[in-house]
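Peer 1: here are the coordinates; sequence isn't available:
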């Protein structure tokens, strides 16, 4: 069912090609445009969940699309950043930056697979999104937004602040993955013994 929350989720997915095209567009306002597109996507992430609960408009389609949309917009932004030689030239060192990108994208793949498997076992609730996952998402969104904008604001080195926040987000990402895996471990071990 295409209700308001699901429409916002679809909008988030449709913003991905806009972000990619704008990223490679030569314009004086390029950074402002790409950051605005990403921030709009991040706001719709919060808004669609809020409206789904508020309007009692949760649906199976929304439960599927929402995490997919989140992972697509974050992964797309990270691929753009890590493939940009200008960005790699500004970070402390390209290696930890690339590792952090791999950690974040890799975690999303692992947790998606874990959720799917736990759902098949009838235990999807064991890997439901928790507070730590939400905090991790906020840090990721803020860090990526700052890295995309990159220009100093009132003397504040926005890019460097974004980079530090990004490494912190990568640590939170590993931590939240460990929490999910730890919760699912008894079921994983039990299933492994029965096979």
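Peer 2: Now that the structure is in, tell me what you want to look at. All figures in this text were calculated on a predicted structure; none of them were measured in a lab.
Peer 1: How about the contacts made by residue 147?
Peer 2: Residues near residue 147 by C-beta atoms under 8 Å, 6 or more residues apart in numbering: 81, 87, 159, 162-163, 166. To be clear about C-beta, it is placed using only N, CA and C from the backbone, and glycine gets the same treatment.
Peer 1: Give the rounded mean pLDDT of stretch 92-109.
Peer 2: The pLDDT scores in stretch 92-109 average 96.
Peer 1: Centroid-nearest residue for this structure?
Peer 2: residue 74 (4.1 Å; C-alpha atoms, centre = their mean).
Peer 1: can you map out the helices along the protein?
Peer 2: Secondary structure of the chain (DSSP state H): helices located at 4-23, 30-54, 60-82, 85-90, 94-120, 131-149, 158-194.
Peer 1: Give me the below-cutoff pLDDT ranges for this protein.
Peer 2: For the chain, the stretches with pLDDT under 70 are 1, 123-129, 191-195.
Peer 1: Please list all residues in contact with residue 170.
Peer 2: Contacts here follow C-beta under 8 Å, 6+ apart; on that basis residue 170 touches 99-100, 103-104.
Peer 1: So which of the residues you listed is the closest to residue 41?
Peer 2: residue 104 (15.9 Å; C-beta to C-beta).
Peer 1: Next one: that closest one from residue 35, what distance?
Peer 2: 19 Å (C-beta to C-beta, to the nearest Å).
Peer 1: Much appreciated, bye for now.
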